[in-house]
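A.B. asks: build the 3D model from these lines:
(2 chains)
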Amino acid sequence: MRAELAATIAEREEILARLREMLIDRMRLQRSPDEIDQDAPLFGAGFGLDSLDAVELVVCLDTMFGVVIDDNALMRQQMRSLNTLVDLVLAHRQGHVARR
Amino acid sequence: MSLADDVAAVRTGVALTDGDVTCVRVGGGDAHQLLDRVSPRPLFARQGQMVDTLLLDDAAKPLADLYICCDEDDFLLVAEGMTGDAIVEYLRGHAAGLDVAITDLTPTHGFLGLHGPYAWELLAEVTTPDIVGLSYLSFFHSGGLTCFRGGKTGEFGYDLMIERAQLAAARAQLVSIGARLELREISLAALELCQLEAGFFNVRREVRDGITPAELQLLWRTSSDRAYPGSAALAERRATPHPRIALIVGDEEFATDASITLDEEPVGGVLHAGKSYTRGGYIGVALLDRVVSHAGLVGFRAGAAAVRTVSSPAVNNRSLFVDPQRHTWATRDQATFPPLVRPHWS
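C.D. replies: Purely as a prediction, here's the structure:
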């Protein structure tokens, strides 16, 4: 496997693991990590997170990754699944979204 | 009439479909016990609520994509992927010793579907203004129809169950009143393209022999601590390395069942492909070796077409930003909404 591809996968997996741990430990999701499918909806019918959880998630993204979401539209479109959250963290690291 | 216009109606307006779903009523003193026995997901639902779950065979292959709807002492099962007859037979096969009455409503009832960011506005005119407050995965009865709020396009979506004797008149009423909202009658093919763009599971297109919820990223619709049809096979699959689906996109056309390579090594195949009229280019669901089944990876080929993986959903649904308290079809051009295509980094 190309080194660049391997590095991209490793970085996504590192962020995914931390997000899954956060959902289980901080948001008390009663699931094992492999059951939290990376494209599954986090809110509503998916894992049942609600508006209070959304606030907690915003706080966690700040404390864990330094990602500050102050754009409501950005928040709605990026808090849909683990994968969209990973995209947001990577975009933050790469300077595509505003840094604090 | 074009698929592009049909998809645009779902993404920005209101679209009407003739529903390709079936409904079965389950009653009797042991109805809950039967459905909890066959549902991979625990059956916690109050009156008027819907649980989205699956029906699996003993090999854990999904047979139906199912809503179980709690209707006072009975349950309504709204399903895709199986006929009413097949669902009745499946349930009876698991109902030994239980007091249940199972009725296929398909011969007596038909379905219409309304989809789009302003679907609620048309439905409010036809039924009741209260429809605006109907939560996702809830339903209600109004006159001769039952309205289920679900949808698999990422937009507002409602399935309307109507007695067959009233179906044509109800359809005509929707078309007549919907003219004000430029209601568009669309095909199932267009609806499935929207479903593909939104990353919703399509039981008609994405199931193959040997595939389970573990490959389909549907473990969230199962549980690991209870027994149900397919639970042993699913546990076994989870314990061994298995591929996983991911959304793929590309500028060139690729086909369902095309092989996927990465740096000329085979890594999977396309389960379902189509043109993405919202994004431009093409989109598909690919079953990939687990190590490369992540979003955000480039360098794949589906057949000869260059493709990359993306997060689901692949579009930015307008319905996320349409608020029935603030927006209307008539004033839609005065509102500012984010683009339908997600940012390049996402």
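
A.B. asks: contacting residues around the helix or strand where residue B:25 lies?
C.D. replies: Secondary structure from DSSP states H and E places residue B:25 in strand B:22-27. Outside strand B:22-27, the residues that touch it by Cβ atoms under 8 Å, 6 or more residues apart in numbering or on different chains are B:34-35, B:71, B:73-80, B:82-84, B:87-88, B:91, B:100-106, B:109, B:111, B:161. Glycine gets a C-beta too; all of them are placed from N, C-alpha and C.

A.B. asks: do the same with stretch B:99-108
C.D. replies: B:22-31, B:34, B:76, B:83-85, B:87-88, B:91-92, B:95, B:161, B:163-164.

A.B. asks: show the buried residues in those residues.
C.D. replies: Using 16 or more other Cβ atoms under 10 Å in any protein chain shown as the burial test, these include B:22-28, B:30-31, B:34, B:76, B:84, B:87-88, B:91, B:95, B:161 as buried.

A.B. asks: checking residue A:64 next. Helix, strand or coil?
C.D. replies: Assigned by DSSP: H, G, I helix; E, B strand; the rest coil, the conformation of residue A:64 is helix.

A.B. asks: repeat for residue B:228
C.D. replies: Applying three-state DSSP: residue B:228 is coil.

A.B. asks: so is the closest residue to it other than its chain neighbours in a helix, a strand, or just coil?
C.D. replies: Excluding the flanking residues, the one nearest residue B:228 by Cβ to Cβ, 6 or more residues apart in numbering or on different chains is residue B:40, at 5.1 Å. At residue B:40 the chain is in coil, as set by three-state DSSP.

A.B. asks: next, count neighbours for residue B:40.
C.D. replies: 24 (other Cβ atoms under 10 Å in any protein chain shown).

A.B. asks: again with residue B:242
C.D. replies: Around residue B:242 there are 16 residues (other Cβ under 10 Å).

A.B. asks: and the gap between it and residue B:75?
C.D. replies: 32 Å (Cβ to Cβ, to the nearest Å).

A.B. asks: residue 31: what's it in contact with?
C.D. replies: Reading this off chain A. So, once contact is read as Cβ under 8 Å, 6+ apart, residue A:31 ends up touching A:23-24, A:47, B:220.

A.B. asks: my bad, chain B
C.D. replies: B:73-75, B:100-101.

A.B. asks: let's see 10 Å
C.D. replies: Each residue near residue B:31 by Cβ atoms under 10 Å, 6 or more residues apart in numbering or on different chains is listed here: B:25, B:70, B:73-75, B:91, B:95, B:98-102.

A.B. asks: grab the nearest non-local neighbour of the residue nearest the centre of chain A.
C.D. replies: Centrality entry for chain A: nearest residue to the mean C-alpha point is residue A:85, 3.1 Å, by Cα atoms, centre = their mean. Nearest non-adjacent residue to residue A:85, counting by Cβ to Cβ, 6+ apart: residue A:19, 5.8 Å away.

A.B. asks: and that neighbour, its phi and psi?
C.D. replies: Dihedral pair for residue A:19: phi -70, psi -40, per degrees, to the nearest 10.

A.B. asks: that one and chain B, how far apart?
C.D. replies: Separation of residue A:19 from chain B (Cβ to the nearest Cβ, to the nearest Å): 13 Å.

A.B. asks: tell me the contacts of the residue nearest to residue B:228?
C.D. replies: B:53-56, B:60, B:62, B:66, B:213, B:218-219, B:221-224, B:226, B:228-231, B:234.

A.B. asks: same for the lowest-mean-pLDDT helix or strand in chain A, what does it pack against?
C.D. replies: Within chain A, no helix or strand scores below helix A:72-78, which has a mean of 80 by mean pLDDT, DSSP states H and E. With contacts defined as 3 or more Cβ pairs under 10 Å, 6 or more residues apart in numbering or on different chains; DSSP states H and E, helix A:72-78 has these neighbours: helix A:51-65, helix A:82-93.

A.B. asks: buried residues, the shortest one. List them.
C.D. replies: Just to be clear, that refers to helix A:82-93. Using 16+ other Cβ under 10 Å as the burial criterion, the residues of helix A:82-93 that qualify are A:82-92.

A.B. asks: separation between the residue nearest to the centre of chain A and residue A:79?
C.D. replies: Counting by Cβ to Cβ - residue A:85 and residue A:79 are separated by 7 Å.

A.B. asks: shared neighbours, these two?
C.D. replies: Jointly contacting residue A:85 and residue A:79 under the rule Cβ under 10 Å, 6+ apart are A:42, A:57, A:61.

A.B. asks: excluding chain neighbours, what is closest to residue B:159?
C.D. replies: residue B:148 (4.4 Å).

A.B. asks: ok, back up a step: residue B:173: which of the helices and strands packed on helix A:72-78 is closest?
C.D. replies: Residue B:173 lies closest to helix A:51-65 among the helices and strands packed on helix A:72-78, at 36.0 Å (Cβ to Cβ).

A.B. asks: so is the closest one next to chain B?
C.D. replies: No: on the criterion Cβ under 10 Å from any Cβ of the partner chain, helix A:51-65 is out of touch with chain B, staying 13.0 Å away.

A.B. asks: report the distance from the strand holding residue B:25 to the chain centre.
C.D. replies: Distance of strand B:22-27 from the chain centroid (Cα atoms, centre = their mean, to the nearest Å) equals 18 Å.

A.B. asks: likewise for stretch B:108-124?
C.D. replies: For stretch B:108-124, the distance to the chain centre is 15 Å (Cα atoms, centre = their mean).

A.B. asks: ok, residue B:41 - contacts?
C.D. replies: So residue B:41 contacts B:51-54, B:66, B:68, B:218, B:220-223, B:226, B:228 (Cβ under 10 Å, 6+ apart).

A.B. asks: neighbour-wise, which one of the residues you listed leads?
C.D. replies: residue B:66 (30 neighbours).

A.B. asks: residues in contact with it?
C.D. replies: By Cβ under 10 Å, 6+ apart, residue B:66 lies in contact with B:21-22, B:24, B:35, B:38-41, B:50-55, B:77-82, B:87, B:203, B:221.

A.B. asks: ditto for residue B:195
C.D. replies: B:10, B:115, B:151-154, B:157, B:188, B:201-202, B:204-205, B:272, B:274.

A.B. asks: what's the neighbour count on residue B:63?
C.D. replies: With other Cβ under 10 Å as criterion, residue B:63 counts 19.

A.B. asks: the helix or strand it falls within versus strand B:22-27: what angle between them?
C.D. replies: In the assignment (DSSP H and E), residue B:63 maps to strand B:62-71. Put simply, strand B:62-71 runs at 50 degrees to strand B:22-27, going by axes from the mean of the first three to the mean of the last three Cα atoms, to 10 degrees.

A.B. asks: the helix or strand that strand B:62-71 is followed by packs against which elements?
C.D. replies: Counting by DSSP H and E, the next helix or strand C-terminal to strand B:62-71 is strand B:74-80. Packing partners of strand B:74-80 (3+ Cβ pairs under 10 Å, 6+ apart): strand B:22-27, helix B:31-38, strand B:50-56, strand B:62-71, helix B:84-92, strand B:101-104, strand B:145-149, strand B:157-163.
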